[in-house]
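Visitor: Got a predicted model here, sequence first, then my questions.
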Amino acid sequence: IDISDNLINHAKELAPKANFLIGSITEVDIIENEKFELVTATGVLQHDPNFNQIFHAMLKLVNDGGYLLFDVKLFHSHPTLCDIDQSYCAHQPPIHFIVYQINDLLKHLNNQGCKLISLYGYYHGVHPSVRLPNSVNEEVCSAHVLIHKGKLSETDQPELRFVLPTAYTPMI
């Protein structure tokens, strides 16, 4: 599923037997009653301010016991940026460039009843079109998040694997 006709057409060229849909994952009625073992989103959450809506749509499409895999941009200390007037990609029209403060992301995921299995991140320069406020004095971390969908008991302790730049270690 992708909102870009061009990307879907390219995907069809690469995998002509696969089923591709043009649309948004939040339009879950385009996939009626299907569940998957893995739902992934790449290059989505840093450009769409509707994190909760997208995350819940992804959860809805995953079997119990299945996995979510997505990427986000992180700060270790700067507050989350989600305001297009402060942080954006200078395209026409401008698009969001959202960077989550790691503790904000972890709190959100913890409230969803899912097991965070792995958080892998690395410093990555932002694209030259990205505009960040002057208050940002740290590098942006590109992070990949793997989540297991399943019921958590009160005694369940997720086995976390964090592989993040050193600056993030005290925050976790």
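Guide: On my side now, so go ahead. Residues are numbered from 1 along each chain as shown.
Visitor: Next one: the nearest residue in space to Ala41 that is not next to it in sequence from Gly43, what distance?
Guide: Distances taken as CB to CB, 6 or more residues apart in numbering put Phe70 closest to Ala41, at 4.3 Å, once the chain neighbours are dropped. The C-beta positions use only the backbone N, C-alpha and C, and glycine is treated the same way. According to CB to CB, to the nearest Å, Phe70 and Gly43 sit 9 Å apart.
Visitor: When these two are compared, which one has more neighbours?
Guide: Higher neighbour count among Phe70 and Gly43: Phe70, with 21 against 10, using other CB atoms under 10 Å.
Visitor: Which strands or helices does the host helix or strand of the more buried one pack on?
Guide: According to DSSP states H and E, Phe70 maps onto strand 62-75. Counting contacts by 3 or more CB pairs under 8 Å, 6 or more residues apart in numbering; DSSP states H and E, strand 62-75 is packed against strand 36-41, helix 51-61, strand 100-101, helix 102-110, strand 114-123, strand 141-149.
Visitor: For whatever helix or strand comes next after the fifth one, which strands pair with it and how are they oriented?
Guide: Pointing back at strand 114-123 there. Remark: after strand 114-123, the chain's next helix or strand is strand 130-131, criterion DSSP H and E. Strand pairing for strand 130-131, using DSSP bridges, gives strand 88-89 (antiparallel).
Visitor: now what about the very next helix or strand once past the partner strand, what contacts it?
Guide: Along the chain past strand 88-89, the next helix or strand (assigned with DSSP H and E) turns out to be strand 95-96. Outside strand 95-96, the residues that touch it by CB atoms under 8 Å, 6 or more residues apart in numbering are 46-49, 82, 84, 87-89.
Visitor: Dump the residues you listed into a markdown table; add neighbour count as well.
Guide: Below are the contacts of strand 95-96 laid out as a markdown table (neighbours: other CB atoms under 10 Å):
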| residue | neighbour count |
| --- | --- |
| Gln46 | 23 |
| His47 | 13 |
| Asp48 | 18 |
| Pro49 | 13 |
| Cys82 | 16 |
| Ile84 | 16 |
| Ser87 | 22 |
| Tyr88 | 20 |
| Cys89 | 17 |
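Visitor: Could you list which of those residues belong to strands?
Guide: Using DSSP state E, the members of the contacts of strand 95-96 that fall in strands are 88-89.
Visitor: Let's have the contacts of strand 95-96 in TSV, adding distance to Ile25.
Guide: Output for those, formatted as TSV (distance: CB to CB, whole Å):
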residue	distance to Ile25
Gln46	15
His47	13
Asp48	10
Pro49	15
Cys82	19
Ile84	21
Ser87	23
Tyr88	22
Cys89	20
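Visitor: Using JSON lines, lay out the helices and strands packed on strand 62-75 together with mean pLDDT and mean neighbour count.
Guide: Below are these laid out as JSON lines (pLDDT from 0 to 100; neighbours: other CB atoms under 10 Å):
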{"stretch": "strand 36-41", "mean pLDDT": "90", "mean neighbour count": "15"}
{"stretch": "helix 51-61", "mean pLDDT": "87", "mean neighbour count": "17"}
{"stretch": "strand 100-101", "mean pLDDT": "94", "mean neighbour count": "20"}
{"stretch": "helix 102-110", "mean pLDDT": "86", "mean neighbour count": "16"}
{"stretch": "strand 114-123", "mean pLDDT": "85", "mean neighbour count": "18"}
{"stretch": "strand 141-149", "mean pLDDT": "91", "mean neighbour count": "20"}
